[in-house]
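Novice: can't give you the sequence, but here's the structure:
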């Protein structure tokens, strides 16, 4: 019998291009503000679920063990998960297991990424995630691998670069209101389309930046949550799925890994019509097209109709289904693992009515957050409600 | 709160630089059971091989020793010569080096559909107006004496 699990606290650091703080110090800061947010101390924490994405950024193999004290893990049961960009929400799913199983009453979920220590550029480190024999000799990086996906997605539905840029403009606009955002400038569709070409069709402003940062949430069993707060946010469903890392059977225009993970989470949450029952969505948006791709996989928009809905304002903060009110990775920043957890923090604040200037109107009661990663093959999904 | 103030102090960051020292370890990779044969065929015969799962009706390119869907073991009899032609499934013009700097001339990379597989490779001898999803392409091999049993024994794919 699974127990109910609530989020009772959340916190994050600013997302910045180059932090003075070490990975452990970033984790410490996110962990500390999260504990403070619900009035707890480390003594109240039973266990830790933490995540960082590729070890390569820090140049430290077994980074999880290194990070442990910064995450509050000293002398506590601690486990790290690690699924690339999917890590930030996967770690929340992982923490959910710890509490839902009945093994622990509280679990601190902490995700951190420091990308700035990777030189000449964090992107170059992704070379080592590809097949060492068939792909690595061609020097792949994620920019051009995703450019292949973006091109295929656009071609499939006849979308243009201007269509994709709408997402970057909207999310960056939302992000301007986020106090932890790395950005301070508004951008237009023209800015995005005319920004420097990285790998056609991907221009610089189609992509989220390289960032340093950390984010955390505190999970609690129902018994503990009811004592701590009168506004618990319940984790109603979790899902995750990995597609193959082998190219042969991929279509590139539909993220079936997201589809599988979302259906798992919706089933658990008893959601039958996600596009009607979800009030706020935080799909993973490291690239602008990816937000649309993922909305389709999350069953929040019919395939090939997403740009139409976007143009109609359906996904605006005051639209029918606000998408990335936080600003997302495009608008807040993308310290990889931390970015996913930031999305869960956002839903926590949105559902409690604590999102300040970013607050989605109409008291949203249910939200979904999703992250994506590895070799464009993994999705982790969390559905929360109050 | 200190956390929100940090942005302004980034300029003070110190950096620890260990100097340029060779990383003292390296990896040596094997091509694998399927890969050994796949690359031998590329090198010796200029052929591209896939393996067909009869049960699922799927031909994997490059060849492999198992079907990831039904988990059947793909055997000698399942190897198929899939020819050296395919179609552009998607493409990109890479404008940055792997260090993030500008590239003198963009390289054209593509996902190439061959049988049911996708092979990631370069496009070469190709005009920009020929870049089109769905266009047929053909593998151009290095001269036999220059081949080493690598994916780069195929120089590039060329539009037909």
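Specialist: Structure received. These numbers come from a predicted model, not from an experiment.

Novice: all helices for the stretch 51-200 of chain A, in order.
Specialist: Here the stretch 51-200 of chain A has its helices, by DSSP state H, counting those that start in this stretch, at A:63-67, A:87-100, A:142-157, A:161-175, A:189-194.

Novice: Please apply the same query to chain B.
Specialist: Under the criterion DSSP state H, chain B contains helices at B:2-5, B:32-45.

Novice: for those helices, which one ends up most surrounded?
Specialist: helix B:32-45 (a mean of 18; mean count of other CB atoms under 10 Å in any protein chain shown). C-beta: built from backbone N, CA, C; applies to glycine.

Novice: Check which helices and strands it is in contact with.
Specialist: Applying 3 or more CB pairs under 8 Å, 6 or more residues apart in numbering or on different chains; DSSP states H and E, we find helix B:32-45 packed against strand B:49-53.

Novice: Low-confidence stretches in the stretch 101-250 of chain A?
Specialist: Low-confidence segments of the stretch 101-250 of chain A, defined by pLDDT under 70: A:248.

Novice: what residues does it put near chain B?
Specialist: For the stretch 101-250 of chain A, the residues in contact with chain B (CB under 8 Å from any CB of the partner chain) are A:120-121, A:123-124, A:127, A:132-135, A:137-141, A:143-145, A:147-149, A:151-152, A:155, A:179-180, A:196-202, A:244, A:246-250.

Novice: hmm, who's touching the helix or strand residue A:275 falls within?
Specialist: Using DSSP states H and E, residue A:275 maps to helix A:274-277. Under the contact criterion CB atoms under 8 Å, 6 or more residues apart in numbering or on different chains, helix A:274-277 has outside partners A:262, A:266, A:271, A:298, A:299, A:300, A:301, A:321, A:366, A:368.

Novice: Please apply the same query to stretch A:325-333.
Specialist: Stretch A:325-333 is contacted from outside by A:15-16, A:167-168, A:171-178, A:180-183, A:208-209, A:211, A:213, A:280, A:282-286, A:288, A:291, A:317, A:324, A:339, A:342-343, A:346, A:350, A:355, A:358-360, using CB under 8 Å, 6+ apart.

Novice: In ChimeraX, how would I select just the buried ones from these?
Specialist: Selection of the buried residues among the contacts of stretch A:325-333 in ChimeraX, burial being defined by 16 or more other CB atoms under 10 Å in any protein chain shown:
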select /A:15,16,167,168,171,172,173,174,175,176,177,178,180,181,182,183,208,209,211,213,280,282,283,284,285,286,288,291,317,324,339,342,343,346,350,355,358,359,360
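
Novice: ok so, going back, quick one: distance of the next helix or strand after the helix holding residue A:275 to the chain centre.
Specialist: Toward the C-terminus, helix A:274-277 is succeeded by strand A:280-282 as the next helix or strand (DSSP H and E). Relative to the chain's own centre, strand A:280-282 is displaced by 11 Å; criterion: CA atoms, centre = their mean, to the nearest Å.

Novice: Just name whatever secondary elements the helix or strand following strand A:280-282 is in contact with.
Specialist: Following strand A:280-282 in sequence order, the next helix or strand is helix A:288-297 (DSSP H and E). Contacts defined by 3+ CB pairs under 8 Å, 6+ apart place helix A:288-297 against helix A:142-157, helix A:161-175, helix A:256-269, helix A:306-311, helix A:328-331, strand A:366-373.

Novice: Compare the helices of chain B and say which comes out lowest on pLDDT.
Specialist: Note on the helices of chain B: helix B:2-5 shows the lowest mean pLDDT, a mean of 42.

Novice: so residue B:59 bridges to which residues?
Specialist: Bridge pairing for residue B:59 (DSSP bridges) gives the partners residue B:52.

Novice: How about residue B:158?
Specialist: Under the criterion DSSP bridges, residue B:158 forms beta bridges with residue B:138.

Novice: Now do the contacts for it.
Specialist: Counting by CB under 8 Å, 6+ apart, the residues that residue B:158 touches are B:123, B:124, B:125, B:126, B:137, B:138, B:140.

Novice: if I look at it, how far off is chain A?
Specialist: Here residue B:158 is placed at a distance of 16 Å from chain A (CB to the nearest CB, to the nearest Å).

Novice: Now look at stretch A:344-361 and say if it contacts chain B.
Specialist: No: in terms of CB under 8 Å from any CB, no part of stretch A:344-361 sits within range of chain B; the closest distance is 13.1 Å.

Novice: In contact with residue A:214, which residues are there?
Specialist: So residue A:214 contacts A:12-13, A:26-27, A:29-31, A:110-113, A:335, A:338 (CB under 8 Å, 6+ apart).

Novice: Tell me the pLDDT of residue A:74.
Specialist: pLDDT recorded at residue A:74 is 93.

Novice: Tell me how many other residues crowd it.
Specialist: For residue A:74, the count of nearby residues is 11 (other CB atoms under 10 Å in any protein chain shown).

Novice: Then residue B:60?
Specialist: Residue B:60: 28 neighbours (other CB under 10 Å).

Novice: Just name the most buried of the helices of the stretch 51-200 of chain A.
Specialist: Of all those, helix A:87-100 has the most neighbours on average by mean count of other CB under 10 Å, namely a mean of 28.

Novice: The spatially most central residue of chain B and residue B:114, how far apart?
Specialist: Central residue of chain B (CA atoms, centre = their mean): residue B:120, 3.6 Å from the mean position. Distance from residue B:120 to residue B:114, counting by CB to CB, to the nearest Å: 11 Å.

Novice: swap in residue A:27?
Specialist: Using CB to CB, residue A:27 is found at 46 Å from residue B:114.

Novice: Kindly report the same for residue A:125.
Specialist: In terms of CB to CB, residue A:125 sits 30 Å off from residue B:114.

Novice: So for those two, which residue has more residues nearby?
Specialist: residue B:114 (23 against 19).

Novice: Would you enumerate the residues in contact with that one?
Specialist: B:48, B:50, B:61, B:82, B:83, B:85, B:86.

Novice: mind running it again at 7 Å?
Specialist: Residue B:114 is in contact with B:48, B:61, B:82, B:86, counting by CB atoms under 7 Å, 6 or more residues apart in numbering or on different chains.

Novice: same deal with residue A:378?
Specialist: Going by CB under 7 Å, 6+ apart, residue A:378 touches A:83, A:84, A:86, A:242, A:257, A:372.

Novice: rerun that using 8 Å as the cut-off
Specialist: Per CB under 8 Å, 6+ apart, neighbours of residue A:378: A:83, A:84, A:85, A:86, A:90, A:240, A:241, A:242, A:243, A:257, A:372.

Novice: Kindly report the same for residue A:372.
Specialist: A:85, A:86, A:255, A:257, A:258, A:284, A:286, A:290, A:294, A:378, A:379, A:380.

Novice: Hmm, the fifth one is touching residue A:300, no?
Specialist: No: between residue A:258 and residue A:300 no contact is recorded; they are 10.4 Å apart, counting by CB atoms under 8 Å.

Novice: Of the two, which one has the most company?
Specialist: Between residue A:258 and residue A:300, counting by other CB under 10 Å, residue A:258 is the more crowded of the two (29 against 23).

Novice: Disregarding residues adjacent in the polypeptide, which is nearest to that one?
Specialist: residue A:297 (2.9 Å; CB to CB, 6 or more residues apart in numbering or on different chains).

Novice: Could you do residue A:104 as well?
Specialist: Take residue A:104 and drop its neighbours on the chain: the residue closest to it by CB to CB, 6+ apart is residue A:46, 3.9 Å away.

Novice: same thing with residue A:38?
Specialist: residue A:9 (3.3 Å).

Novice: In terms of helices and strands, where is the one you found?
Specialist: Residue A:9 belongs to strand A:5-12, assigned by DSSP H and E.

Novice: Going along the chain from that strand, find the next helix or strand for me.
Specialist: Next element after strand A:5-12 (DSSP H and E): helix A:23-37.

Novice: Quick check, residue A:304 in contact with residue A:153.
Specialist: No: counting by CB under 8 Å, residue A:304 sits too far from residue A:153 to count as a contact (9.9 Å).

Novice: Show the model's pLDDT score for the most centrally placed residue in chain A.
Specialist: Nearest to the geometric centre of chain A sits residue A:340, at 2.2 Å (CA atoms, centre = their mean). The score at residue A:340 is 98. That number is its pLDDT.
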